[in-house]
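Participant: one predicted model, sequence on top.
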Amino acid sequence: MKRKIKSDDGSVYEGDIADNKPHGKGKKTFRNNWYEDGEWKNGEFLRGKVNYYDWDEESYYEGDWADGKPNGKGNLYYVTCRLMYEGDWVDGKYHGKGKLDDEYTVYEGDFVDGYFHGKGRYAYVPGDGRVYEGDFAYDEFHGKGKMTYKDGRVEEGNWEKGKFTGK
């Protein structure tokens, strides 16, 4: 049965209910317009789309949610509304393809369990001018890669644990 439930905290749930609790498909909208939209069981949100969840009071998440954390496609924003990460998530970690921008560096490529891992591109703060493109292992340049410097110099070849080792 579809119904509307208003909570004391100002949130409103609209959707399927059982035993006067969200159960089935529905959307809960909070006073600040953040929401949980998807599948519910016995009053608990299981999975769907969300646009909140502030881990450190400096950022918020918008995207797919399951098992109490980001799972699927989603974006992480700073409170200033500047996009920090966009891409794939598994169990609350960056995993798959994504782009991470922390204002000082930008990484775009493969992630595994929250690490830069696989193929990617890492660009330093605009004034620095360095750009690395190639293989990564656990957040370090590792494997075949190319570093281009602001002055035009290039180091291309093998990298191990962040250090250029030669061709």
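Facilitator: Good, I have the coordinates.

Participant: quick one: low-confidence ranges for the protein?
Facilitator: 1, 53-57, 81 (pLDDT under 70).

Participant: switch to 80 and redo it
Facilitator: 1, 52-58, 79-83, 103, 126, 167 (pLDDT under 80).

Participant: for it, what spans make up the helices?
Facilitator: Using DSSP state H, the chain contains no helices.

Participant: show the contacting residues for the residue lying closest to Thr165 once chain neighbours are set aside.
Facilitator: The shortest distance from Thr165 to any non-neighbouring residue, by Cβ to Cβ, 6 or more residues apart in numbering, is to Asn158 (4.8 Å). Using the backbone N, CA and C atoms, a C-beta is placed for each residue, glycine as well. Neighbouring residues of Asn158 by Cβ atoms under 8 Å, 6 or more residues apart in numbering: 143-145, 164-167.

Participant: out of these, flag the one nearest to Gly68.
Facilitator: Gly143 (34.7 Å; Cβ to Cβ).

Participant: the closest one reaches Gly134, doesn't it?
Facilitator: Yes. Using Cβ atoms under 8 Å, Gly143 is in contact with Gly134, at 6.5 Å.

Participant: for the two, indicate the residue with more neighbours.
Facilitator: Gly134 (20 against 14; other Cβ atoms under 10 Å).

Participant: fine, thanks again, bye for now.
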